[in-house]
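[1] compute the structure for the input listed below.
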Amino acid sequence: MNTPSQLIVPLRALAHSRSGDKGNRSNISVIPYHPDCWDLLLEQVTEQRVRALFEARRPSLVTRYLLPRLHAMNFVLDDVLDGGVNGSLNLDAHGKTLSSLMLTLPVQLEVAQARELKLHHHLHGELS
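    Sure thing, here's the model as predicted:
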């Protein structure tokens with residue numbers, strides 16, 4: 001819940017994402033729009049939170065790889081593609097839509113930081 005000093009926004013307000021596949025694994029990148037968001041994302045976009053977000057896909061393992069010089073992170077989710085592209089009847093056998101799900105992860109930030117990042121258009125008038 002938003003408070004006078006803090007906001008909860010979807011990850012998509014702070015970062016973009018892409019996903020790929022290899023067998024029954026999905027890898028999902030998270031790349032902030034602004035390097036200033038890096039520490040916030042390090043703190044809040046964790047293996048545990050990503051595992052909870054993808055609980056319905058039943059990942060056997062979630063691993064976060066950090067690329068600090070790029071201000072990016074990559075998550076590898078094992079066993080989330082119903083056997084992979086050749087063995088799955090899943091409509092999204094490659095898992096390309098999983099990056100969209102990743103971007104729904106709630107992230108909490110200070111109102112002052114949201115103003116600094118000029119997130120007005122993402123926040124539906126909450127910073128006016």
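
[2] which ones are touching the residue lying closest to residue 68 once chain neighbours are set aside?
    Once flanking residues are discounted, residue 68 sits nearest to residue 38: 7.4 Å by Cβ to Cβ, 6 or more residues apart in numbering. All C-beta atoms are positioned from the backbone trio N, CA, C, and that covers glycine. Contacts here follow Cβ atoms under 8 Å, 6 or more residues apart in numbering; on that basis residue 38 touches 32, 68, 71.

[3] which other helices and strands does the helix or strand containing residue 27 contact?
    For residue 27, the host element (DSSP states H and E) is strand 25-32. Strand 25-32 sits against strand 15-22, helix 38-44, strand 72-78, helix 98-102, with contacts defined as 3 or more Cβ pairs under 8 Å, 6 or more residues apart in numbering; DSSP states H and E.

[4] if we use 10 Å, what do you get?
    strand 15-22, helix 38-44, strand 61-67, strand 72-78, helix 98-102 (3 or more Cβ pairs under 10 Å, 6 or more residues apart in numbering; DSSP states H and E).

[5] just the buried ones out of the contacts of residue 38, please.
    For the contacts of residue 38, a neighbour count by 16 or more other Cβ atoms under 10 Å gives the buried set as 32, 71.

[6] low pLDDT regions in this structure?
    The model of the chain has pLDDT under 70 over residues 1-3, 82-96, 120-128.
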